[in-house]
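Chemist: sequence unknown, structure follows:
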């Protein structure tokens with residue numbers, strides 16, 4: 001099956017052009033902060049209740065399909081630090097927690113600081129993907145940007161110097177949403193405007209930072225492109241959630257689905273996020289040498 005062929009080929013070429021060993025040489029470790037899109041077990045579906053894995057087909061520890069993986073796992077493995085994506089509650093470096101807003105990144109930073117003795121490595125990479133719960137819980141785009149930027153500043157005070165930041169997907173095409181979580185956390189009207197304001201504000205604020213290196217991954221362009229034409233990208237189920245399809249819940253034809261529910265990606269699209277994020281670092285100029293162009297695959301970097 002041809003799936004998102006042009007983008008997938010571009011990212012695949014980049015992934016193989018920049019060996020994991022050369023990427024890993026740029027960093028000594030990787031840490032994750034954020035929400036359910038990155039969380040591998042700090043606050044997973046099983047922590048919310050057994051009905052989600054048991055009835056709706058979620059992986060117990062990950063907000064995706066059972067047996068699937070999240071972008072954080074593929075990304076850390078690509079860097080050569082596979083164990084880093086393990087949840088911090090299980091001894092790993094993934095502090096992301098399902099349900100947490102950007103203002104709660106401070107809780108994750110406190111836990112990280114405590115685990116690292118109050119000093120963070122200047123040669124490690126700190127990946128932040130946050131904002132989705134702020135949208136769902138009625139926080140403003142501007143305040144969410146401020147919270148993400150403050151998290152970068154707080155980490156830098158502790159010694160961090162290298163960051164990867166992902167922006168916000170436009171969930172308006174899925175509003176208000178269907179699936180087991182949509183009743184309590186519907187996608188609000190104006191989600192497209194919120195995402196635009198957040199993404200513009202985030203990029204602008206990152207550009208004003210100094211003393212740190214921030215790699216931006218425009219995940220919005222990647223996923224929004226799939227949302228705009230899911231069947232054309234090879235997802236036969238369109239934007240219907242896996243959690244409401246009996247076959248998908250039981251692990252059948254999961255590759256046909258983009259979404260696990262109204263806000264969480266299936267494992268397949270999440271792996272594209274990992275590949276795209278890997279292409280951002282350490283030298284996204286590799287894409288230009290291949291004639292692909294950064295804008296075509298949503299890659300940006302700020303030094």
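Modeler: That came in fine, so what should we check first? Quick caveat: nothing in here was measured; it's all calculated off a predicted structure.

Chemist: which residues in the stretch 201-303 of the chain form helices?
Modeler: Secondary structure of the stretch 201-303 of the chain (DSSP state H, counting those that start in this stretch): helices at 219-228, 246-249, 267-280, 285-289.

Chemist: now stretch 279-297: average pLDDT?
Modeler: In this model, stretch 279-297 has an average pLDDT of 47.

Chemist: burial count for residue 233?
Modeler: Using other C-beta atoms under 10 Å, residue 233 has 20 neighbouring residues. C-beta: built from backbone N, CA, C; applies to glycine.

Chemist: my guess is it meets residue 224, correct?
Modeler: No. Residue 233 is not in contact with residue 224 according to C-beta atoms under 8 Å; the separation is 11.5 Å.

Chemist: please report how far residue 52 lies from residue 201.
Modeler: Distance of residue 52 to residue 201, computed by C-beta to C-beta, to the nearest Å: 33 Å.

Chemist: and these two? which has more neighbours close in?
Modeler: Neighbour count, other C-beta under 10 Å: between residue 52 and residue 201, residue 52 has more, with 22 against 19.

Chemist: go ahead and confirm the more buried one touches residue 58.
Modeler: Yes. The pair residue 52 / residue 58 is scored as a contact, 4.5 Å apart, by C-beta under 8 Å.

Chemist: give me the common contacts of the two.
Modeler: The overlap between the contact sets of residue 52 and residue 58 (C-beta atoms under 8 Å, 6 or more residues apart in numbering) consists of residue 45.

Chemist: quick one, what contacts the spatially closest residue to residue 160 that is not a sequence neighbour?
Modeler: Distances taken as C-beta to C-beta, 6 or more residues apart in numbering place residue 120 nearest to residue 160, at 4.6 Å, with adjacent residues excluded. Counting by C-beta under 8 Å, 6+ apart, residue 120 makes contact with 112, 113, 126, 155, 158, 159, 160.

Chemist: do the same with residue 86
Modeler: 40, 41, 92, 93, 94.

Chemist: secondary structure class for the second one?
Modeler: Secondary structure, DSSP: H, G, I helix; E, B strand; the rest coil: residue 41 is coil.

Chemist: relative to residue 87, how far out is it?
Modeler: 3 Å.

Chemist: and for the two, which residues touch both?
Modeler: When contacts are counted by C-beta under 8 Å, 6+ apart, residue 41 and residue 87 are jointly contacted by 61, 94.

Chemist: quick one, strands of the protein?
Modeler: Counting by DSSP state E, residue ranges of the strands within the chain are 30-34, 125-129, 162-166, 213-217, 299-302.

Chemist: so which of those strands gets nearest residue 193?
Modeler: Minimum separation from residue 193 across those (C-beta to C-beta) falls at strand 162-166, 19.4 Å.

Chemist: for that closest one, packing partners?
Modeler: Packed against strand 162-166, as judged by 3 or more C-beta pairs under 8 Å, 6 or more residues apart in numbering; DSSP states H and E, are the following elements: strand 125-129, helix 141-157, strand 213-217, helix 267-280.
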